[in-house]
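1. Please find the sequence and the predicted model below.
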Amino acid sequence: MLAETDVAPGVLVVTLPEAAMNAVLVVDGGEVLVVDVGATPTRGAQLRALAERHGRVVAVVVTHSHWDHAFGLDAFADVPGHAHPATIDDLRDTGTLQRDAVVAHLEGAVPDGLRTLVPPLPTHPVAERTTLRVGALDVRLDPVGHAHTVGDLVLHVPAVGVSVLGDLVEVGDAPQLHDADLAGWVAALDRIGPDLQPIVIPGHGAATTPSFVAEQRDVLAAGLAHLRGEGQAPEGLDLEQLPG
C-alpha cells in the first residue's frame, strides 16, 4: 500500500519503494498532476490509482530520464506526459539498457512486467518555460538542460510555496553524477535559485528548503573547482562517477 504525505495545501509526496523515489501529486479543483511515475508498470498503476482518489489525472511530468522516475509511464498513456526534449531522446536511446541493468541488479526479485518492458516515452517535450493549469493552480515547468542528467525539468507551484526539483537535489545521500554535467548542474541551480519556493521537494529524501539547495550547489561548485585544479575535492562527492 502506497502512503502519501501532505507537504503543502494540494501537494502530496508519495515515496515509492524502488530507490525511495518521491512521486508528487499536485491536486486542485478535482484535477491531479503527477510528477514522476515510478519504476515499473505495476508501480505506475498503483500510483495512478492513488492519484485518482483525489481527482482526474490531467497530466504527468517526468523530471528526468532515470528508470525509477520514468518506467511507470504506461499507466498514464491517456494523458499528456511532459518532459525535457533531451529526456525523451535519452529514454528512447538508453531505456532498454537501463531496464536490462536494473533486471541484472535485482536478479531473482524482478517485478512483474519489468523484464519485457519497452520503456515508454513522454509525449510532450518542454523546451521552454511553460505553465500548466491544475484546477486553479498554475504549475510552472522550467527545463534547465544538462545537469543531473541530459535534460532536467523542475516545477514551481508559487500559490502554495512548493518547488519540485527531481534529482537536482537529494536529501540523505550525495548527488549522483553518473550522467551529470557538473558545470551545467551548478548553472541550473544558480538560475532557478530566485524562483525557489519555501518548500523544496527533492527526488529522494524529505522535503527541504532553498538554503539546503544552496548548500548542495556549493558542494557541486567545489567539485567543479577541484576538477579545474582549484582546491580540495569536497567530502562525500564521488567525482569518479562523472561520465567520460
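-> Structure's in. What do you need?
2. SS state for V200?
-> strand (DSSP: H, G, I helix; E, B strand; the rest coil).
3. since we're on it, how many residues are nearby?
-> Residues contacting V200 under the criterion other Cβ atoms under 10 Å number 24. Placement of C-beta: from N, CA and C, glycine included.
4. Please save the CA atoms from the longest helix along the chain in CSV.
-> Longest helix in the chain, counting residues (DSSP state H): helix 85-106. Taking C-alpha atoms only, helix 85-106 is exported to CSV below (Å, rounded to 0.1, in the frame of the first residue of the first chain):
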residue,chain,number,x,y,z
PRO,A,85,13.2,17.0,-25.0
ALA,A,86,16.6,15.5,-24.1
THR,A,87,14.8,13.3,-21.6
ILE,A,88,12.6,11.9,-24.3
ASP,A,89,15.6,11.3,-26.6
ASP,A,90,17.6,9.7,-23.7
LEU,A,91,14.8,7.3,-22.8
ARG,A,92,14.5,6.3,-26.4
ASP,A,93,18.3,5.7,-26.6
THR,A,94,19.0,4.2,-23.2
GLY,A,95,15.7,2.9,-21.8
THR,A,96,16.3,-0.7,-22.8
LEU,A,97,19.9,-0.5,-21.4
GLN,A,98,18.6,0.9,-18.2
ARG,A,99,15.9,-1.8,-18.0
ASP,A,100,18.5,-4.6,-18.5
ALA,A,101,20.8,-3.1,-15.9
VAL,A,102,18.0,-3.0,-13.3
VAL,A,103,16.9,-6.5,-14.1
ALA,A,104,20.5,-7.8,-13.7
HIS,A,105,20.9,-5.9,-10.4
LEU,A,106,17.6,-7.2,-9.0
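5. Would you map the helices across the chain?
-> 41-52, 67-70, 85-106, 182-192, 210-227.
6. starting at the chain centroid, how far to the last one?
-> By that I understand helix 210-227. The chain centre lies 19 Å from the centre of helix 210-227; the measure is Cα atoms, centre = their mean, to the nearest Å.
7. Give me the contact list for that helix.
-> 165, 168-171, 175, 182-183, 185-186, 189-190, 193, 196-198, 200, 231-234, 236-237, 239 (Cβ atoms under 8 Å, 6 or more residues apart in numbering).
8. Generate the ChimeraX command that creates a selection of the buried members of those residues.
-> Buried subset of the contacts of helix 210-227, written as a ChimeraX selection, criterion 16 or more other Cβ atoms under 10 Å:
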select :165,168,169,170,171,175,182,185,186,189,196,197,200,234,237
